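K.L.:
okay, sequence plus prediction incoming.
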Amino acid sequence: MGSLWTLSFVRGYLELGMLEKAEKELARLPLEDQHRPESLSLAGQILMARRQWEAAIEVFAIGRALHPGCVDFYVKAAYAYEQVGRLQESRNMWQLVPRPVGRSGFAHLNLARCEAKLGNLPAARRHITTALHLDPNIRALLDNDPGLVQLLNTPGQSN
């Protein structure tokens, strides 16, 4: 029960931007609880909030190794890779995300973003089309991303 309270405090401190307090609370967890998915995810999120992307990537790799079915470690690693310009690795993470998220419109939208940044425009268009097919509500997200919406509206592209 104590670990649940500690994780709750860590989440609260993280949401308030009180990163040092969040880290201290997380460090109070017993060692066996520090390797649980929630604990590792929060540790990575603290590092991301500190913009320590490479360290966060390492934490998420540990999370994937220990908990390969936990989607969170793939999605957050993909984001961290993108932040440091490692777009190939980001794309790879999106391709590895476990189901059902890995086959969702959300994943395809993010794959499209990676492909576009890598210059793979035909692949980006395919992922946008798939994202819209899987989840028509993705259109609202596209409308807020001028680069992707431009790809979708490129002449000769059918939706």
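P.N.:
Structure's in. What do you need?
K.L.:
only C-alpha atoms for contact and neighbour calcs from this point on.
P.N.:
Noted.
K.L.:
for stretch 89-105, which outside residues touch it?
P.N.:
The contact list for stretch 89-105 (C-alpha atoms under 8 Å, 6 or more residues apart in numbering) reads 69-71, 74-75, 77-82, 107-108, 110-111, 114-115, 130-135, 138.
K.L.:
what's the answer for stretch 69-82, then?
P.N.:
37, 41, 48, 53-54, 56-57, 60-61, 63-64, 87, 89-94, 96-98, 101.
K.L.:
can you select the buried ones from the contacts of stretch 89-105 in PyMOL?
P.N.:
Remark: buried members of the contacts of stretch 89-105, expressed as a PyMOL selection using 16 or more other C-alpha atoms under 10 Å:
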select buried, resi 70+71+74+75+77+78+79+80+81+82+107+108+110+111+114+115+130+131+132+138
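K.L.:
ok, which stretches of the chain are helices?
P.N.:
Shown for the chain, the helices assigned by DSSP state H span residues 2-15, 19-27, 31-34, 37-49, 53-66, 71-83, 87-96, 105-118, 121-134, 138-143, 146-152.
K.L.:
could I get those helices as JSON lines with mean pLDDT?
P.N.:
Below are the helices of the chain laid out as JSON lines (pLDDT from 0 to 100):
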{"stretch": "helix 2-15", "mean pLDDT": "88"}
{"stretch": "helix 19-27", "mean pLDDT": "95"}
{"stretch": "helix 31-34", "mean pLDDT": "88"}
{"stretch": "helix 37-49", "mean pLDDT": "96"}
{"stretch": "helix 53-66", "mean pLDDT": "98"}
{"stretch": "helix 71-83", "mean pLDDT": "96"}
{"stretch": "helix 87-96", "mean pLDDT": "96"}
{"stretch": "helix 105-118", "mean pLDDT": "93"}
{"stretch": "helix 121-134", "mean pLDDT": "93"}
{"stretch": "helix 138-143", "mean pLDDT": "85"}
{"stretch": "helix 146-152", "mean pLDDT": "73"}
